[in-house]
Structures are given as structure tokens and as C-alpha cells.
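> Need a 3D model of the following:
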Amino acid sequence: MIDLHFHALAAVDDGPPDLDAAVELARAALATGVDTVVATPHVGWDWPGNDAETIHAALVALRRELDVREVPLRVLPGAEIALLRAFDLDDAELDALTLGGGPWILVEPPHSRGTTAVEPLLTALAERGRRIVLAHVERCPAFIDDESLLARLVERGMLASVTAGSLAGRFGRDAQRAASRFIAGGLVHNVASDAHDRERRPPGLVHELEDAGLGAYAHWLTGEVPRAILAGEPLPPAPPWPRAPRRRGLWRR
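Numbers count the residues shown, from 1 in each chain. The predicted structure follows:
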């Protein structure tokens, strides 16, 4: 099982503050059944020191520490790139920040309302030859307010990721309902933990999917699709999605 969006690296963003905490977070990921994570530290204006060189050094340090402590978690390179920041990065830097060294980048849409340029900015980034995975779409006001926006972007070849915690309601009712609609609409390609720590933002994929009644889709969302993304291969055929629930929460057994 692959966690495609995971703040694994020590002391680079709001993830683990040091290597000890990073190792404990890795152990927590293994305990959930995950064997591979993509380290996706924030690359944005809030973290001006994060670039490909800094991230690579932190990745090497974590891998070394995991090896010394015999923690068998596979950690791949990546980044969570803020949409506006992406336009200030040249192609060489973006190439160095792809998910697992493949052709896809993980892009973080704005969290604030009133950002009207999301669609043209993403379109322009794609026109630079970038293959885009959209992070936690259910928490982005632009997608919540305009339900057709995500469909248009997916039609243009972008992929959408949902945070597992949203399925459990950890990010509020709006995010939970949006995740429900997007999944039912066949617009979601991946579920990731977006883990930052063991307590507040912990790892977890299968439990959240099973609790939401979506356990049958776990292999596609957390295995088949992430593998294809990392390898730069065509996505496997999508399963038939259930209808969105009419009542609070998501699908229940």
C-alpha cells in the first residue's frame, strides 16, 4: 500500500520536528499497513527554504536513520507544491520535485475563498507540460463552491486526491460531503493520509476507507493508481463508484 501524500521529513515544514519524530511517524505508517510513502514537504511561500536540494538532503537523512533503526518503510521523493509557488519554479526545479521521480507533481490548490484564478492557473501549469495531481480537493473552496470545476480539470487529464481523514469527518462536514460527491462522481483517483504527526494528523488509509464503507475500493485508490502515477504508466480502469449518500456521513455497510 502506497501513501502518496505524506509529510515524512524532519524539520522542513509542519511535519515531524526532528528525526526521532520522523522515525516514529514512519513506524506509525507501517502499523497501518502502508509499506511505501512519498515524502511531500510543503514547497510554498510559507516555507521559503524548501527547494529540491534541501528536500533531497532531508530525504537522505531520514532514509539513513530508518536503515540504522531497522524501520522497513520505503520513502520516495516528492513535494506538495503550492499552486502560486509553482509558477516561480523553473522546469528543472519542478522536475526535481516530482512524485517518486516520475512525471507527476502534487499541487496544493489555495485554501482561501475568493481565489478565482484556480482554473486558468492550473491550465497554464498543465500547458507547460506538467502532469498534475491535485491535493486534498475536498478541502479546496474553489472545488466546493463550483462543483463542475473539478470535473473540467479531470477531463483535461488532471488527477484528484482526497485525504483519508476527510472521509472520517476530521476536516469538517463540508469536506466530508465534498469527498462524498467527488467519489460518487468518479472524480477521485487516490486517497492519501496527508500525515504530519502521530496524534493530530496521523497516518491511516484502509481503516478510514473501510469505516466509510469504501473498503472495496482501497486497492485501486491506495495501490493500483499510486503505482501507475509513480511509474508514469496509464491508470488502471476505474471501478464503478457507488452513489453519494443522501444523509450525513459517507457510505456505510
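> Need the contact partners of the strand or helix carrying Ala126.
Taking DSSP states H and E as the definition, Ala126 sits inside helix 118-127. For helix 118-127, contacts defined as C-beta atoms under 8 Å, 6 or more residues apart in numbering pick out 83-84, 86-87, 107, 109-110, 132, 134, 140, 142, 149, 152-153, 156-158. For every residue, glycine as well, the C-beta is placed using N, CA and C.
> Counting only strands, which of the residues you listed make the cut?
Mapping the contacts of helix 118-127 onto strands (DSSP state E) picks out 107, 132, 134.
> Most neighbours out of those residues, which is it?
Going through those with other C-beta atoms under 10 Å as the criterion, the one with the most neighbours is Leu134, at 26 neighbours.
> pretty sure that one is in contact with Gly157, am I right?
No: with contact defined as C-beta atoms under 8 Å, Leu134 does not reach Gly157; the gap is 11.4 Å.
> So which residues of the stretch 101-250 of the chain form strands?
When secondary structure is read from DSSP state E, counting those that start in this stretch, the stretch 101-250 of the chain shows strands at 104-108, 131-134, 159-163, 190-192.
> hmm, who's touching the shortest one?
If you take C-beta under 8 Å, 6+ apart as the criterion, strand 190-192 is touched by 3-6, 133, 159-164, 167, 205, 208-209, 218, 221-222, 225-226, 229.
> Please apply the same query to stretch 172-189.
133, 137-139, 143-144, 147, 150-151, 154, 159-163, 166-169, 214, 221, 225, 235, 238, 241-245, 248-251.
> Cross those residues against helices and list the overlap.
Among the contacts of stretch 172-189, the ones falling in helices (DSSP state H) are 143-144, 147, 150-151, 154, 166-167, 225.
> List the buried residues in stretch 36-45.
For stretch 36-45, a neighbour-count test (16 or more other C-beta atoms under 10 Å) marks 36-44 as buried.
> which of those residues lies closest to Glu199?
Using C-beta to C-beta, Val37 comes nearest to Glu199 of these, at 17.8 Å.
> Which helix runs longest in the protein?
For the chain, the longest helix by residue count, based on DSSP H, is helix 52-68.
> Run through the neighbouring helices and strands of it.
helix 19-31, strand 36-39, strand 74-76 (3 or more C-beta pairs under 8 Å, 6 or more residues apart in numbering; DSSP states H and E).
> same thing but 10 Å
Taking 3 or more C-beta pairs under 10 Å, 6 or more residues apart in numbering; DSSP states H and E as the contact definition, the neighbouring helices and strands of helix 52-68 are helix 19-31, strand 36-39, strand 42-43, strand 74-76, helix 91-95.
> can I get the ones you listed in a markdown table with mean pLDDT and distance to His189?
A markdown table is the format used below for the helices and strands packed on helix 52-68 (pLDDT from 0 to 100; distance: least, C-beta to C-beta, whole Å):
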| stretch | mean pLDDT | distance to His189 |
| --- | --- | --- |
| helix 19-31 | 98 | 21 |
| strand 36-39 | 98 | 14 |
| strand 42-43 | 98 | 22 |
| strand 74-76 | 98 | 18 |
| helix 91-95 | 98 | 20 |
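> No further questions, thank you.
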